[in-house]
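task: produce atomic coordinates for the following.
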Amino acid sequence: METSNPHAVIVSSPGVGHLVCDLELGHRLVSDHNLHVTFFVVVESNSSAGESELVQSARTRKLLDIIELPPVDISSQVEPNAPIFTRLTTVMREIRPTLSSAISDLKLSPTALIVDIFGTPALDVADEFHMLKYVFVTSAWPLALILYAPILDKEVEGEYVVQKQPLRLPGCMPVRPEDVVDPLLNRTKHEYSVFLQVGLEMRQSDGLLVNTWEDLDTPTLKAMREEEGYGSVPVYAVGPLVRPVGPPSSRSELLDWLDEQPVESVIYISFGSAGVLSAQQITELASGLELSQQRFIWVLRPPSKDKACNDVLAYLPDGFLGRTHDLGLVVTKWAPQSEILGHGSVGGFLSHCGWNSALESILNGVPMIAWPLYAEQKMNATKLAEELGVAVRPKIAPTKGIVGREEIEMMVRKVMAEQEGKAMRDRVMELKNSGEKAWNEGGSSFNALAQLVKQCELNSERQRVKAP
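Numbering: from 1, shown residues only. This is a model prediction of the structure:
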């Protein structure tokens, strides 16, 4: 391989959520900081259409060299229904020989390897090529938890979810037992061990990149940088990185409908690509929307991912579509979320609180109803509602029971039509402006990536000196 200007390699594990952020990170490194970036996409045999579309869209921008790595067979190591942390970290461990070979074939010698949270097993490849190694994660507070988890493992007796007191994270907001991330729900499961291992591997990296900005997560970022319990790894706040708005040529009919609605009058409802509700909860949500008499766009999925369903609309209450015909739309296929949230007619977002969706909502000045379902979403929901003040949430956690129609009506009206919603909208607009400033030249996130690029340049120089 030849040496040249600094060259980073980004490896994205399967899945739409992190692929969105990883691609945007690559685009920022190229367009704002003139870094050369090779982007490896780890493909699974059952990759979604959304992943293919993201990769194709990135190719049209022509900023990244995109290489797809073929699927690896992990069927002998994990069950088909293994938790995502176990499954994807296994994929990334098994992809190492293929990745190493692909890096060897590159014309330019890379100076840094960046992986997402599931890719820490692949960090070993960086050592083969004397590269710096970084991990790019979504939100800051869950990152603090994963870094501190090896210490909690020794400090806490029994299951975390039955503790009487919140889990203490030095310098950070404590984590309520009911909010802990899925891998910590059962300490006897293999996924728990995998989670601890990822935290330890992160501590061995040269830095952690977080999809946030300094003003959004000041106390948490400060704690991770100053408290020894987090491993003393450099932390770079490089967000907000979100999916770009699609070209006008791909304009959806949903946007035409939104054009006809009053300003900030529509609530958008979506639970992400993997979020599903029970049949009973679908009924209650539909009834609550109808009671609220607020305009809506609802992306509706079948009650279970494993259940064959030819007619998702059959789960709606009898007559619902007819009675709400003038109020809203129910969508059963893909919806252009970035464009919908950016439309002036949208005034609220009922969301599963995936961090990508939360950032999209904030950057469009849209307050939320927090409806967490899995992964770190419960922590995100608590942050959005209690720390940032840009969301309301039901009294009962959606993962613990059914949220009733009356409470749904109350939350929708609160966000869309009442004074509390206006206050949240004012607050979220402040965060929107703050996030945009972070990416201006000289802003905190712009400068953080500049520091990262400087480290890449120094390592490139070291590689030249060592080269025979």
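
okay, and for the stretch 1-150 of the chain, where does confidence drop off?
1-5, 47 (pLDDT under 70).

how about the strands in it?
7-12, 36-42, 65-69, 112-116, 132-137 (DSSP state E, counting those that start in this stretch).

by contact count, what packs against the last one?
Read it as strand 132-137. helix 16-33, strand 112-116, helix 124-128, strand 207-210, helix 444-466 (3 or more Cβ pairs under 8 Å, 6 or more residues apart in numbering; DSSP states H and E). C-beta here means a position set from N, CA and C on the backbone, and glycine is covered the same way.

outline the domain layout of this protein.
Here the domain assignment for the chain is 7-239+439-466, 249-435, based on automatic domain parsing.

reformat the ones you listed as TSV; add mean neighbour count.
Below are the domains of the chain laid out as TSV (neighbours: other Cβ atoms under 10 Å):
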stretch	mean neighbour count
domain 7-239+439-466	19
domain 249-435	19
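
out of the helices and strands packed on strand 132-137, which gets nearest to S76?
helix 124-128 (21.2 Å; Cβ to Cβ).

which residues sit against that closest one?
96, 99-100, 103, 112-113, 132-133 (Cβ atoms under 8 Å, 6 or more residues apart in numbering).

now stretch 201-210
By Cβ under 8 Å, 6+ apart, stretch 201-210 touches 25, 112, 114, 120-121, 123, 132-140, 143, 146-147, 217, 221, 224, 231, 233-239, 452, 455.

so how far is it from its chain's centroid?
18 Å (Cα atoms, centre = their mean, to the nearest Å).

equivalent analysis for stretch 417-437, please.
Counting by Cα atoms, centre = their mean, stretch 417-437 comes out at 21 Å from the chain centroid.

repeat for stretch 197-216
That offset, for stretch 197-216, works out to 14 Å (Cα atoms, centre = their mean).

measure it end to end?
Start and end residues of stretch 197-216 are separated by 28 Å (Cα to Cα, to the nearest Å).

got a list of what K189 touches?
So K189 contacts 83, 183 (Cβ under 8 Å, 6+ apart).

and the gap between it and I151?
20 Å (Cβ to Cβ, to the nearest Å).

then D127?
26 Å.

how about low-confidence regions in the stretch 351-468 of the chain?
If you take pLDDT under 70 as the line, the stretch 351-468 of the chain has these spans: 466-468.

and what of the stretch 201-350 of the chain?
246-250, 304-310.

all helices of it, in order?
218-226, 253-259, 279-292, 320-323, 337-341 (DSSP state H, counting those that start in this stretch).

and for the third one, what's in contact with it?
The one in question is helix 279-292. With Cβ under 8 Å, 6+ apart, helix 279-292 has contacts from 269, 277, 296, 298, 300, 303, 315-317, 320, 323-324, 327-328, 398, 402-409, 412-413, 416.

tell me which of the residues you listed fall in strands.
269, 296, 298, 328 (DSSP state E).

quick check, I117 in contact with F195.
No - using Cβ atoms under 8 Å, I117 is not in contact with F195; the gap is 10.1 Å.

mutual contacts of these two, please.
I146.

and the helices and strands packed on strand 132-137 as a markdown table, adding distance to E376?
Shown next, in a markdown table, are the helices and strands packed on strand 132-137 (distance: least, Cβ to Cβ, whole Å):
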| stretch | distance to E376 |
| --- | --- |
| helix 16-33 | 11 |
| strand 112-116 | 13 |
| helix 124-128 | 25 |
| strand 207-210 | 13 |
| helix 444-466 | 21 |
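
nearest to A335, of these?
helix 16-33 (13.3 Å).

that closest one to strand 132-137, inter-axis angle?
130 degrees (axes from the mean of the first three to the mean of the last three Cα atoms, to 10 degrees).

which other residues reach helix 16-33?
Outside helix 16-33, the residues that reach it (Cβ under 8 Å, 6+ apart) are 8, 10, 12, 35-37, 39, 41, 48, 50-51, 54-55, 58, 61, 63-64, 114, 116-118, 136, 138, 209, 211, 238, 241-244, 272-273, 354, 356, 441, 446, 449-450, 452-453.

let's see that with 6 Å instead.
10, 12, 35, 37, 39, 50-51, 54, 58, 63-64, 116, 136, 211, 241, 243, 273, 356, 449, 453 (Cβ atoms under 6 Å, 6 or more residues apart in numbering).

residue contacts, F40?
By Cβ under 6 Å, 6+ apart, the residues touching F40 are 11, 67, 69.

quick check: the first one vs G328, distance?
This points to V11. From V11 to G328 the distance is 41 Å (Cβ to Cβ).

the second one too?
When Cβ to Cβ is applied, the distance between I67 and G328 equals 43 Å.
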